[in-house]
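# sequence first, predicted coordinates after that:
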Amino acid sequence: MSHRRPVLCVAPILALLLASGCAPAASSPQVTVSSLDGLQTAIDNAPAGETIILAPGVYHETRAIRIQGKRDLTISGATNDYADTVIRGPGMDDSSLQSNIRLNNADGITLENLTLRDSYYHGVQINNDSDRFTADNIRTLDNGESGFKVTSPTNASGPAAYSDKGTIENSWIGFTDTGRRSVVEGVDIVAGNGWHLLGNHFVNIRRADGGPAYAAFAKGNAHKPVFADNEVENCFIGLSFGGGGTSGVYFRNADTRYETQGGVMRDNVIHDTDDAGIYLNKAHDFLVQGNTVLRNGPGTGAIESRFPESSGTIRNNRVSGPIKMRDGGTATTENNQQVPADTVAPDPNGTSDE
């Protein structure tokens, strides 16, 4: 996946500003580094608003990159191709490196144009009130548990306790074959508010022992998650609001009634899952709209609403399997279309995979 940004002609604008006596705003500071030690030092010394560029190359990592207490930083690979700048750990079975990158109380952090791979647990772990995180054009590959993990503190309350309003977009998240830990997911959002997963590609999110795994889910009384325009293929469960067995001590504000509230799943393409394509477990006031779900697991639903706490609207979806209400789950269903199982999965961006 490569994203190229347009080049703007700024000379006439600059001349006009100077002629009028108005100087243009100062550009944001930028520094380029060519080692992981240099990257960590640049992060530790960075003022708010700085962009740190990591030069092209494969960087063998033995210690996690830590972003602690920083504000409004961008860390980017040097090109628009995430394959050009790779941070590579010792492997999924080596516990000496838990995560490639770890955030603590760090707001407005952007990661872009990087590959993060081969850690024991996570590609990126987002902790302790790290708000407004953005990942754009990132590949996470063969991180033992997850590409992105958004954690929740125990027995906490109030917005300062949680990591909110993050975005993960235009990224490739998955495994060569399977994950390695006892829980496996592409993205795991615990108790976060306002997280958006947009235009990502999830591949091979499965456990080695064949147990449940999730391409992406929000849970723990997460509010208003939006999963849109993603593609999920060859995963155990596709996209989920709830599930995963989160302990009550991690639920937002200790409110354990619902796993999610006000979540939206729209315009995703999900195909060839072992279990449900879309799973709604104690998901309150959900909207599931415009998705294509093909070839979900035998005996499962293309879309499943489960338990009495789950309620919402399921409309305008194309599915090759049934839409199921399980164990007291409910939904209003409108204008959903049954399609053949051999339907070609469309590209979420508008073209079919031939």
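Perfect, I can see it now.
# show me what whichever helix or strand residue 37 is part of is in contact with.
Element membership for residue 37 (DSSP states H and E) is helix 36-45. Residues from elsewhere that reach helix 36-45 (CB atoms under 8 Å, 6 or more residues apart in numbering): 31, 33, 50, 52, 54, 59, 61, 63, 65-67, 70, 73, 75, 87. C-beta here means a position set from N, CA and C on the backbone, and glycine is covered the same way.
# low pLDDT regions in the stretch 151-300 of the chain?
Low-confidence segments of the stretch 151-300 of the chain (pLDDT under 70): none present.
# picking up where we left off before, distance from the chain centre to the helix holding residue 37, please.
25 Å (CA atoms, centre = their mean, to the nearest Å).
# so who does residue 228 touch?
Residue 228 touches 196-199, 264-268, counting by CB under 8 Å, 6+ apart.
# how near is residue 49 to residue 70?
According to CB to CB, to the nearest Å, residue 49 and residue 70 sit 11 Å apart.
# that should have said residue 289, apologies.
For residue 289, the distance to residue 70 - CB to CB - is 37 Å.
# also residue 294?
Taking CB to CB, one finds residue 294 at 43 Å from residue 70.
# what about these two, which has more around it?
Neighbours per residue, other CB atoms under 10 Å: of residue 294 and residue 70, the larger number sits with residue 294, 24 against 21.
# ramachandran coordinates for the more buried one?
Here is the backbone geometry of residue 294 (degrees, to the nearest 10): phi -130, psi 140.
# what is the closest residue to it other than its chain neighbours paired to in the beta sheet?
Spatially, and ignoring its direct neighbours in sequence, residue 294 is nearest to residue 271 (4.2 Å; CB to CB, 6 or more residues apart in numbering). Beta-bridge partners for residue 271, by DSSP bridges, are residue 233, residue 294.
# check contacts around residue 271.
By CB under 8 Å, 6+ apart, residue 271 lies in contact with 232-233, 277, 292-295, 345.
# of all those residues, which comes closest to residue 241?
residue 277 (13.0 Å; CB to CB).
# my guess is that closest one contacts residue 303. True?
Yes. Counting by CB atoms under 8 Å, residue 303 is a contact partner of residue 277 at 6.5 Å.
# which one of these two has more residues nearby?
More crowded of residue 277 and residue 303, by other CB under 10 Å: residue 277, with 33 against 29.
# how far away is that one from residue 173?
Distance, residue 277 to residue 173, by CB to CB: 17 Å.
# if we can go back for a sec, which of the contacts of helix 36-45 sits closest to residue 186?
Using CB to CB, those come closest to residue 186 at residue 87, 18.1 Å.
# count of neighbours near that closest one?
24.
# so which helix or strand takes in it?
Residue 87 belongs to strand 85-88 when assigned by DSSP H and E.
# residues contacting whichever helix or strand comes after that strand, please?
Scanning forward in sequence from strand 85-88 by DSSP H and E, the next helix or strand is strand 99-104. Contacts to strand 99-104, defined as CB under 8 Å, 6+ apart, come from residues 61, 64-69, 87, 89, 109, 111, 116-117, 119-128, 130, 133, 143, 149, 163.
# put the buried members of the residues you listed into a ChimeraX selection.
To isolate the buried ones among the contacts of strand 99-104 in ChimeraX, judged by 16 or more other CB atoms under 10 Å, type:
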select :61,64,65,66,67,87,89,109,111,116,117,119,120,121,122,123,124,125,126,127,128,130,133,143,149,163
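# okay, and which of the contacts of strand 99-104 map to strands?
Residues of the contacts of strand 99-104 located in strands (DSSP state E): 65-68, 87, 111, 116-117, 122-127, 149.
# I figured residue 326 hits residue 308, correct?
No. Using CB under 8 Å, residue 326 makes no contact with residue 308, being 10.6 Å away.
# more neighbours: these two, which one.
residue 326 (16 against 10).
# what's the closest non-adjacent residue to the more buried one?
Per CB to CB, 6+ apart, closest to residue 326 is residue 306, 4.3 Å.
# pLDDT score for the one you found?
pLDDT for residue 306: 98.
# contacts only, for it.
Taking CB under 8 Å, 6+ apart, we find residue 306 in contact with 279-282, 325-329.
# buried subset of those residues as a PyMOL selection?
A single PyMOL command is used to select the members of these judged buried by 16+ other CB under 10 Å:
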select buried, resi 279+280+281+282+325+326+329
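# now the helix or strand hosting residue 324, how far from the centre of its chain.
Using DSSP H and E, residue 324 maps to strand 323-326. Chain-centre distance of strand 323-326: 26 Å, with CA atoms, centre = their mean.
# for residue 289, give its distance to residue 142.
Look at residue 289 and residue 142: by CB to CB, they are 33 Å apart.
# neighbour count winner among the two?
Taking neighbours as other CB under 10 Å, residue 289 and residue 142 compare with residue 142 leading, 22 against 19.
# isn't that one up against residue 92?
Yes. In this structure, residue 142 is within contact of residue 92 by CB under 8 Å, at 5.5 Å.
# anything in contact with each of the two?
residue 118.
# ok, residue 114 - how many residues close by?
If you count neighbours by other CB under 10 Å, residue 114 ends up with 29.
# so what pairs up with it in the strands?
Per DSSP bridges, the residues bridged to residue 114 are residue 138.
# same thing with the one 10 residues further on?
Each beta-bridge partner of residue 124 is listed here, defined by DSSP bridges: residue 101, residue 148.
# quick one: residues contacting residue 240.
Listed by CB under 8 Å, 6+ apart, the contact partners of residue 240 are 214-219, 276, 278-281.
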